[in-house]
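Peer 1: Sequence and predicted model, in that order:
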Amino acid sequence: MMGEETDNILYEQVVSVWVRDPRIQKNDFWHAYIDYEICLHTDSVCFNKKISRVRRRYSEFVWLRQKLQANSQLMLQLPELPPKNPFFSLNNAQQITERMKGLQNFLTQILQSPMLLSDSCLHLFLQSELRVSRIEACAAGRTHFSVTQAVQRCGLRRFHSEEDLQKDLSLCCDSDSDSSECRDPEPQIKDLAMNKAASTTLLYSRREETLSSSPGSP
């Protein structure tokens, strides 16, 4: 009885997901792939972070399905991914759009399962920038940070508050925009410090020029 009530509560909560903004990423001159932005907006108690955006490629979706199927111990039949096309072209807009819709349908169905919502790999896939090998390590407790910490770190540099992210999300699902990234904030801090120092130096330089050109100056 208690289990049924819990399931009903989860079903009443909203978990909205969009797969959008396909972009070509180049490994080198000869190798490239497409990744997609995953926007998630929820009021579910299953998620510590209510709004997020990450980028994933098709092969990572394949890994996720295999991992969730293994973790569920075959108790669930997972939805299918859009099939892998040996003739898939990075320049074929129709193929890209069809794959993107298939990926979104896959996630939408996955997020309707209370059992899968308890899987740490799913949360890290949707709300962290960790690669799949690091997701496995983090979910297994083999990293110096927890699942919650990995999720909370994602996007902290770009969005300073939930309100900022809410405003951006209201626009991002209608038009293209840069994706949030979980990179080390240290380089930006250093850049800001250097820019401030450069501005200060320029100010002093101009002040000296003004003094030297003023009447009565030696």
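Peer 2: Here it is on my side, so go on. Residues are numbered from 1 along each chain as shown.

Peer 1: how close does the residue nearest to residue 147 when sequence neighbours are not counted get to residue 141?
Peer 2: In space, and not counting its chain neighbours, residue 147 is closest to residue 120: 4.8 Å by C-beta to C-beta, 6 or more residues apart in numbering. C-beta: built from backbone N, CA, C; applies to glycine. As defined by C-beta to C-beta, to the nearest Å, residue 120 lies at a distance of 10 Å from residue 141.

Peer 1: likewise residue 132?
Peer 2: Counting by C-beta to C-beta - residue 132 and residue 141 are separated by 17 Å.

Peer 1: Neighbour count: the two, which is higher?
Peer 2: A direct count of neighbours by other C-beta atoms under 10 Å for residue 132 and residue 141 places residue 132 higher, at 17 against 9.

Peer 1: so the residue nearest to the more buried one when sequence neighbours are not counted is in which element?
Peer 2: Nearest non-adjacent residue to residue 132, counting by C-beta to C-beta, 6+ apart: residue 63, 4.8 Å away. Per DSSP states H and E: residue 63 is located in helix 58-71.

Peer 1: The residue nearest to residue 132 and residue 130 touch, don't they?
Peer 2: No. Contact criterion C-beta atoms under 8 Å: residue 63 and residue 130 do not qualify, at 12.0 Å.

Peer 1: what about these two, which has more around it?
Peer 2: When neighbours are counted by other C-beta under 10 Å, residue 130 comes out ahead of the other of residue 63 and residue 130, with 23 against 19.

Peer 1: helix, strand or coil for the more buried one?
Peer 2: coil (DSSP: H, G, I helix; E, B strand; the rest coil).

Peer 1: Same question for residue 54.
Peer 2: When classified by three-state DSSP, residue 54 comes out as strand.

Peer 1: Test my guess that it contacts residue 126.
Peer 2: Yes. The criterion here is C-beta under 8 Å, and residue 54 meets it with residue 126 at 6.7 Å.
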